[in-house]
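# This is the structure alone, sequence omitted:
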């Protein structure tokens, strides 16, 4: 594509026209919003309709604001009988003043051949054209021809009849990959390949598993799938909502612009802790506690802990009433508790019934046949002894109350966990009680347990006797989970609970599993997800991002860490092989890390680089960078938006950078939470350059 394509000027003119049409649509939307701006007048129905219409206009204006993203990125020429019709493919649909289509949305059915057509199945195409474009500026054109004679004699400049890789728009794809990282994941809407498009456009129903090694684009494919489903199933998905669950906040910051760049800004992107209200996080578990809390055995423990709080009285309770006494017999409280357990699915929903039964039991002991239930309620409702009795029999509980009490008492743990857990396991859950519930701090592993408790306790009853809707678990029409291989069974149950109808896209790589209960295969994961429909597992086999030289060294580690799993095939070679530098320990190691980082920054200027190191070395390396006057960012605090970023290995999964300096592989492997799989992740983050600096001998898997 070094020579100018003969159609470059014409295509640039068309792109300019498309942008003019887009600007006109934006102006029209603003004018319409001004005309329908909601005011205080009118009926409730009028105001509701105006607000709803205004919300739709605001969403439309958001879709029309592309920022620096390219509007048009390709074109297809399709044969219909003896005619040749052309469609320009873009980020969203644009029409001219006569409502004639100018740009076709990439998700529309007519655009499918742009991503799917092959030499063997042209899908009616004569030509597919790819634009090398930034914003509204066209820099180059790459053509792929299908069949013979459809376009007459082709011009050599920019025409590609075939390519050895079998990839669509190979040169355009390379240009996109080799463009410098920005610290945020970009969309691939212009370069989606056939195997990726198959996933994006697959059926909404059921659970779709996307297995993909490093660099295969599984994350961005899942996000494009969410955008495609919202386009194809706008109703009801827009009302039901789409939820994206990421592994940590660094990852969420990294992916946050993908869906807005595709015109979809209403998707909720969270870590699991965001789904838990009224809890403060920051506690750190021991390894054994983390493993126990992730096990699905905790379902039974939490349920038993709840049952242990549903207790009949040990002694009769007597209250003065009128000129005599009424009695709450312990046998009656046992009957009430037993019946409540049988009648109600959730704990808190039974509280009002238990209260009524207690008042009825008290009234039944009055010496006359007079119906005095209502009078007994009025007389005893605030009696402290009765309140204490109800709290013993059937307390209203929040998830934090239940687990704070449970984890703060070895006796309660023993009662709830025997014989479900071994003694060393349930004792690992013990921690000193905080001075108050507001002071309690919870760990990442507690998130799913709080959610499990929320499910079985149910919402607290409101003042009017009805459940508090804000306490209920919200569900979504489609759920996307990234890095799913690191979720524990309890976390998978929590994510599954958010699915309204079993429609989910889950993506990950078994070879990169570093969680406390790493699955052996996808069956271990699917066991905890919705099964209304038969799940589908689709693999991505091509590594687009990582150069072959880097993948070669990573493959050695994978072969030992996850024998039997197949690594993705790299489609390109990089400019340089990975560099391996051995130095002395201590200050010499850190000094060499800084030196190699500076060398990499000078060789690939303007690129997004990272120092990936064991978590224990982050502070030391950051201090050395500051002392040397090297500007940098800490991934845990700032994301990876700086030119140089210090990234603990525990947060690097899912990220991609132009250049990476991996520090002390042996220390990464020695970390029980990371191991060889953690090293495999660290080695597969770079799109351009990789340098390994070590003082300890390299793990045998790298040799």
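Noted; the coordinates are in hand. These numbers come from a predicted model, not from an experiment.
# which is the next helix or strand following the lowest-mean-pLDDT helix or strand in the chain?
Within the chain, no helix or strand scores below strand 159-160, which has a mean of 40 by mean pLDDT, DSSP states H and E. Note on strand 159-160: by DSSP states H and E, the next helix or strand toward the C-terminus is helix 170-178.
# Tell me the buried residues in that following helix?
The neighbour-count check on helix 170-178 (16 or more other C-beta atoms under 10 Å) flags 170, 171, 172, 173, 174, 175, 176, 177 as buried. The C-beta positions use only the backbone N, C-alpha and C, and glycine is treated the same way.
# For those residues, give me CSV that also has pLDDT and distance to residue 703.
As requested, the buried residues of helix 170-178 are exported to CSV (pLDDT from 0 to 100; distance: C-beta to C-beta, whole Å):
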residue, pLDDT, distance to residue 703
170, 68, 34
171, 72, 37
172, 75, 38
173, 75, 33
174, 73, 31
175, 72, 36
176, 75, 34
177, 74, 29
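# Generate JSON lines for the residues you listed, with distance to residue 205 as supplementary columns.
Formatted as JSON lines, those follow (distance: C-beta to C-beta, whole Å):
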{"residue": "170", "distance to residue 205": "34"}
{"residue": "171", "distance to residue 205": "37"}
{"residue": "172", "distance to residue 205": "33"}
{"residue": "173", "distance to residue 205": "31"}
{"residue": "174", "distance to residue 205": "36"}
{"residue": "175", "distance to residue 205": "37"}
{"residue": "176", "distance to residue 205": "32"}
{"residue": "177", "distance to residue 205": "33"}
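# What is the nearest of those residues to residue 688?
Nearest to residue 688 out of those is residue 177 (C-beta to C-beta; 9.5 Å).
# Can you give me every residue that contacts the closest one?
Applying C-beta atoms under 8 Å, 6 or more residues apart in numbering to residue 177 gives the contacts 544, 545, 572, 687.
# so how far is residue 89 from it?
To residue 89, residue 177 is 20 Å away according to C-beta to C-beta, to the nearest Å.
# Secondary structure class of residue 377, three-state.
Secondary structure, DSSP: H, G, I helix; E, B strand; the rest coil: residue 377 is helix.
# Give me the spatial nearest neighbour of it, chain neighbours excluded.
Nearest residue to residue 377 in three dimensions, chain neighbours excluded: residue 359, at 5.1 Å (C-beta to C-beta, 6 or more residues apart in numbering).
# For the stretch 151-300 of the chain, just list every one of the strands.
Per DSSP state E, counting those that start in this stretch, the stretch 151-300 of the chain carries strands over the ranges 159-160, 207-212, 242-245, 268-270, 280-281.
# just checking, what packs against the last one?
Yep, that's strand 280-281 we're talking about. Where contact means 3 or more C-beta pairs under 8 Å, 6 or more residues apart in numbering; DSSP states H and E, strand 280-281 is packed against strand 441-442.
# other SSEs contacting the helix or strand that the strand it packs on is followed by?
Heading C-terminal from strand 441-442, the first helix or strand you meet, by DSSP H and E, is helix 446-457. Packing partners of helix 446-457 (3+ C-beta pairs under 8 Å, 6+ apart): helix 287-294, helix 297-307, helix 399-407, helix 489-497.
# what angle separates helix 446-457 from helix 399-407?
110 degrees (axes from the mean of the first three to the mean of the last three C-alpha atoms, to 10 degrees).
# Give me the average confidence score over helix 446-457.
The pLDDT scores in helix 446-457 average 97.
# Distance check, residue 7 against residue 146.
Residue 7 sits 17 Å away from residue 146, going by C-beta to C-beta.
# So for these two, which residue has more residues nearby?
Ranked by neighbour count (other C-beta atoms under 10 Å), residue 7 and residue 146 place residue 146 first, with 23 against 17.
# which ones are touching the more buried one?
Residues near residue 146 by C-beta under 8 Å, 6+ apart: 117, 119, 122, 125, 126, 127, 128.
# Could you report the separation of the residue nearest to residue 650 when sequence neighbours are not counted from residue 378?
Residue nearest to residue 650 in three dimensions, not counting chain neighbours: residue 615, with 5.3 Å by C-beta to C-beta, 6+ apart. Shown here: residue 615 relative to residue 378, a distance of 61 Å by C-beta to C-beta.
# Between those two, point out the one with more neighbours.
Each of residue 615 and residue 378 has its neighbours counted (other C-beta under 10 Å); residue 615 has more, 16 against 11.
# which residues touch the more buried one?
Neighbouring residues of residue 615 by C-beta under 8 Å, 6+ apart: 648, 649, 650, 671.
# tally of neighbours for the third one?
Yep, that's residue 650 we're talking about. 21.
# Check the contact between it and residue 674; I expect there is one.
Yes: with contact defined as C-beta atoms under 8 Å, residue 650 counts as touching residue 674 (7.2 Å).
# In contact with the closest residue to residue 315 other than its chain neighbours, which residues are there?
Distances taken as C-beta to C-beta, 6+ apart put residue 330 closest to residue 315, at 6.1 Å, once the chain neighbours are dropped. Contact analysis of residue 330 by C-beta under 8 Å, 6+ apart lists 312, 313, 314, 315, 316.
# So residue 622 belongs to a strand, correct?
No: assessed with three-state DSSP, residue 622 is helix; it does not lie in a strand.
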